[in-house]
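>>> Predicted model and sequence follow; I will ask about them next.
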Amino acid sequence: MTRWPIWLCGCACVTAIAAEPDHPRANAPMPFAVGVHALFCVDDTEFANDYRDGETTIGYHTTAAATIDLSPQARLTLGVYVNQRAGSANSYTLARPVATLAVGARSNQLLIGTLDTVRHGPSGYSLHGLVAPLQLESLAFTRAWEDGVQWRVQGERTDSDLWLNWQKLNTPEHREAFDVGWVGEQRVAGPLRLCGQFHSYHTGGQQYDVGAVGESYAGGPGVALAWEREREGARRALRVEGFWLFAKDRPDRQKPELTTSGRGVLLRASGQWHWFGAFATAWRGRDFITAEGDANYLARTRAGIRGGERRYEELGLSAQWRPAPSLFVELSARAHHVETTWEGSVRLTGEVDLELLRAAFGGDDERTPAPQLALR
């Protein structure tokens with residue numbers, strides 16, 4: 001098994017634990033909060049090209065959890081995650097526990113257990129903010145629950161997300177599988193930002209020899225120009241960015257003839273004026289293949305033909321609004337130019353982030369407030 005991604009993630013996460021300590025008062029009360037987060041989705045893609053099938057996804061995933069502040073430098077979150085897709089034969093497509101130990105300040109923390117995954121970016125939702133050639137964006141709706149270790153930095157000038165997500169154990173039925181990724185952005189001066197992304201997917205294991213051992217990794221540097229202004233609740237934003245990406249896909253170490261190395265250039269632009277948004281994407285790639293990327297970008301057909309040059313463009317319009325302070329709704333329509341064919345898709349999402357209760361318990365302070373229900 002390839003161990004270097006595990007050691008890389010573990011060594012980097014040590015810096016969160018080594019942050020400046022904060023010694024809390026003995027027997028101090030411990031604040032806690034109970035909340036619900038839910039993401040609803042109606043996603044219809046009308047694809048009939050040689051690379052990606054069309055699909056309709058209607059469903060939601062929701063997390064109900066309680067977060068206990070053990071100290072200013074440590075938090076424990078416990079709850080439950082449920083993912084349901086319309087038409088599923090099961091009562092719930094996926095139900096999993098939520099258990100996260102966070103160590104460090106909220107701006108620089110190590111997470112062990114359930115990971116913080118879903119991000120909203122210029123063209124909609126994705127996992128960790130990965131661009132589509134590295135990972136399919138709709139996984140934010142179908143596979144938002146991840147388990148492993150994560151180092152999250154959210155500062156005024158630095159935004160970084162490094163994670164290890166263990167997807168499968170090695171069993172008599174299948175190989176183990178995990179992915180490692182990093183997404184980072186550094187503000188340099190004014191609107192200039194330096195960016196970078198990396199994603200690796202590995203299958204292997206030593207306990208049971210079943211299936212192929214392989215890996216797929218891709219990533220590269222990027223640069224962005226971003227302007228944003230908000231006045232009287234009205235947001236105006238413009239962002240232009242570009243990434244130079246490389247990829248190496250080795251699905252089976254015993255079959256070197258399947259190994260493919262490629263490269264590509266991704267350009268994206270997005271703008272928002274009050275509730276209205278627009279975005280555009282252009283991609284040029286050669287022999288670029290990844291295990292979890294959007295097939296519209298990859299040099300791999302549905303018939304299994306690998307390699308070659310690819311071009312892809314996407315244009316989209318969106319409308320965003322907040323019917324309630326805790327509810328964010330977005331409707332978007334996209335035109336996809338796959339080689340020489342134009343195709344379309346529409347997406348409606350609703351995200352709810354609701355805090356139900358905030359209180360404190362424990363301690364010997366007579367001034368500790370009693371629990372109060374605070375709906376918002």
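Received it, and whenever you're ready, just let me know what you need. Being a predicted model, the structure only gives us computed values, none of them experimental.

>>> tell me which element Arg263 falls in.
Arg263 belongs to strand 260-273 when assigned by DSSP states H and E.

>>> Just give the strands next to that strand in its sheet, each with its orientation.
Applying DSSP bridges to the sheet, strand 260-273 is found paired with strand 234-250 (antiparallel), strand 276-286 (antiparallel).

>>> Please enumerate the strands of the stretch 51-200 of the chain.
In the stretch 51-200 of the chain, the strands defined using DSSP state E, counting those that start in this stretch lie at 53-71, 74-85, 94-105, 108-114, 118-121, 124-127, 147-154, 158-168, 176-189, 192-204.

>>> Format these as TSV; extra columns: mean neighbour count and mean pLDDT.
Placement of C-beta: from N, CA and C, glycine included. Formatted as TSV, the strands of the stretch 51-200 of the chain follow (neighbours: other CB atoms under 10 Å; pLDDT from 0 to 100):
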stretch	mean neighbour count	mean pLDDT
strand 53-71	16	93
strand 74-85	18	95
strand 94-105	17	95
strand 108-114	20	97
strand 118-121	16	93
strand 124-127	23	94
strand 147-154	20	97
strand 158-168	18	96
strand 176-189	19	96
strand 192-204	20	96
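
>>> picking that back up, would you mind giving the strands paired with strand 260-273 as a markdown table with mean pLDDT, mean neighbour count and distance to Ser270 added?
Output for these, formatted as a markdown table (pLDDT from 0 to 100; neighbours: other CB atoms under 10 Å; distance: least, CB to CB, whole Å):
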| stretch | mean pLDDT | mean neighbour count | distance to Ser270 |
| --- | --- | --- | --- |
| strand 234-250 | 94 | 18 | 5 |
| strand 276-286 | 97 | 18 | 4 |
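
>>> out of those strands, which comes closest to Ala303?
Evaluated over the strands paired with strand 260-273, closeness to Ala303 peaks at strand 234-250, with 16.8 Å, by CB to CB.

>>> thinking again about what came up before, ok and the strand holding Arg263 relative to strand 192-204, angle-wise?
140 degrees (axes from the mean of the first three to the mean of the last three CA atoms, to 10 degrees).

>>> Can I get strand 260-273 in CSV, CA atoms only?
The C-alpha trace of strand 260-273 is given here as CSV (Å, rounded to 0.1, in the frame of the first residue of the first chain):
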residue,chain,number,x,y,z
THR,A,260,-1.5,7.3,-18.8
SER,A,261,0.2,10.6,-18.0
GLY,A,262,-1.4,13.9,-19.2
ARG,A,263,-1.8,17.6,-18.7
GLY,A,264,-4.4,20.3,-19.1
VAL,A,265,-5.2,23.9,-18.7
LEU,A,266,-8.4,25.1,-17.0
LEU,A,267,-9.7,28.7,-17.2
ARG,A,268,-12.8,29.9,-15.2
ALA,A,269,-14.5,33.2,-14.8
SER,A,270,-17.5,34.1,-12.6
GLY,A,271,-19.4,37.2,-11.6
GLN,A,272,-22.3,38.1,-9.3
TRP,A,273,-24.5,41.1,-9.2
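
>>> What residues sit buried inside that strand?
Of the residues in strand 260-273, Thr260, Gly262, Gly264, Leu266, Arg268, Ala269, Ser270, Gly271, Gln272 count as buried by neighbour count, 16 or more other CB atoms under 10 Å.

>>> so the fourth one touches Phe288, yeah?
What that stands for is Leu266. No: counting by CB atoms under 8 Å, Leu266 stays clear of Phe288, with 10.0 Å between them.

>>> For Gly285, which residues are in contact?
By CB atoms under 8 Å, 6 or more residues apart in numbering, the contact set of Gly285 is Pro133, Leu245, Gly262, Arg263, Gly264, Val265, Tyr297, Leu298, Ala299, Glu309, Arg310, Arg311.
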